[in-house]
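>>> Mind folding the following:
(one chain, ligands or ions: 2)
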Amino acid sequence: MIMNLIILSRNPALYSTDALVQAAIARGHSVRVVDYLRCYMNITSSKPRIYLEGEELKADAIIPRIAVQHTAYGNAVVRQFEMMGVQTLNDSVAISRSRDKLRSLQLLAKKGVGLPVTGFAHSIDATNELISMCGGAPLVVKLLQGTQGMGVVLAETKKAAESVIEAFKEVRADILVQEYIAESKGADIRCIVLGKKVIAAMERQGMDGEFRSNLHRGGKAKKISITAEERKTAIKAAKIMGLNLAGVDLLRSARGPLVIEVNSSPGLEGIENATNKNCADAIIQFLENSIKEKKPKSIDGK
Ligand SMILES: Nc1ncnc2c1ncn2[C@@H]1O[C@H](COP(=O)(O)OP(=O)(O)O)[C@@H](O)[C@H]1O
Ligand SMILES: [Mg+2]
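Numbering: from 1, shown residues only. Ligands and ions are numbered 1, 2, ... in the order given. Below is the predicted model:
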């Protein structure tokens, strides 16, 4: 079946967007990239529709690649497509869940997924208790809104932890305080989960003397074999979040794999280069299969 696909992305030149376009074309589908910020809609109409420059958009399936800073509007566009009965790779509820770090960690913890001990408080009156809750220094302080390793700080001493927490609070930033997993030695594992499978995994190692392994911070990626437990943890985390496609980040700790982050628009460049796997092609195939499964029965049930 030939699908009519829309990739919701602001920039067709991005590696991930382009890889998805190429994969869709290679599999014979019709595909276009739509800047979701330029879409508009009448949200009160009983027949939901979505428009771009006067044209009504139609699709069999969408692939949302919503930027973090545009989550609210981008997700409204995804929701509109959902209401039109269009299949989406990740649905809007799952995307907004994954964009809220606290909510994500609470959900994962409730279902027994391993996490670094993490504390959160609004008031600095609780600073001392937070620090001891996380096992004392060294510990990690994270800006709730941070990405790409910016806003993640390692406080080596209790004094440093107190100062960092106070400074962030002073500028009214929301932060969480986390147990530092020293055993992972500046490395983490990114698993790409698609449906019920891990389709690719890489290890990222931070530069010398850097505990953050983000590629944007100079980290280096390589292909890695993950353990059965790591695989199970990554798949479970994506499932709890309700994401068909997820980038699940794990730390290898003395007590097993710990989830630090679940990303609903994982970048494809680093992982495809490190593993030589065509993740974009797997994503298009996944949509083909989910559309086949969803095919409505005819009125008389045949
Ligand atoms: N609790 C922790 N213990 C050890 N290293 C950590 C911890 N939390 C994060 N890191 C390191 O810092 C990096 C960035 O943290 P992360 O929570 O993923 O923030 P971001 O959303 O900015 O990527 C991680 O990839 C990991 O290498
Ligand atoms: Mg990260």
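
>>> Show me the helices in this structure, by range?
15-26, 71-83, 92-99, 101-110, 127-133, 158-170, 228-241, 269-275, 279-294 (DSSP state H).

>>> nearest to ligand 1, of these?
helix 101-110 (7.8 Å; CB to the nearest ligand atom). (Each C-beta comes from the backbone N, C-alpha and C, glycine too.)

>>> what ranges of the stretch 151-300 of the chain fall below the confidence cut-off?
Scanning the stretch 151-300 of the chain for pLDDT under 70 picks out 295-300.

>>> try 90
Scanning the stretch 151-300 of the chain for pLDDT under 90 picks out the ranges 151, 169-175, 215-217, 292-300.

>>> what does it have sitting close to ligand 1?
Counting by CB under 6 Å from any ligand atom, the stretch 151-300 of the chain comes close to ligand 1 at 152, 178-181, 184, 188, 211-214, 249, 251, 260-261.

>>> any idea which residue sits dead centre in this structure?
N263 (1.0 Å; CA atoms, centre = their mean).

>>> From the residues of the stretch 151-300 of the chain next to ligand 1, pick the one nearest P138.
Proximity of those to P138 (CB to CB) peaks at Y180, which lies at 4.6 Å.

>>> so how many other residues sit close to that closest one?
22 (other CB atoms under 10 Å).

>>> Pop out the phi and psi values for it.
Dihedral angles of Y180 (phi, psi; degrees, to the nearest 10) stand at phi -90, psi 120.

>>> out of the residues of the stretch 151-300 of the chain next to ligand 1, what pair is the most spread apart?
So, these by CB to CB: farthest apart are E179 and N214, at 19.2 Å.

>>> on that earlier part again, the residue nearest to the centre of the chain pairs with what?
Beta-bridge partners recorded for N263 (DSSP bridges): G247.

>>> Isn't it up against S98?
Yes. Checked against CB atoms under 8 Å, the pair N263 and S98 is within contact range at 6.8 Å.

>>> Need the residues touching each of the two.
A246 (CB atoms under 8 Å, 6 or more residues apart in numbering).
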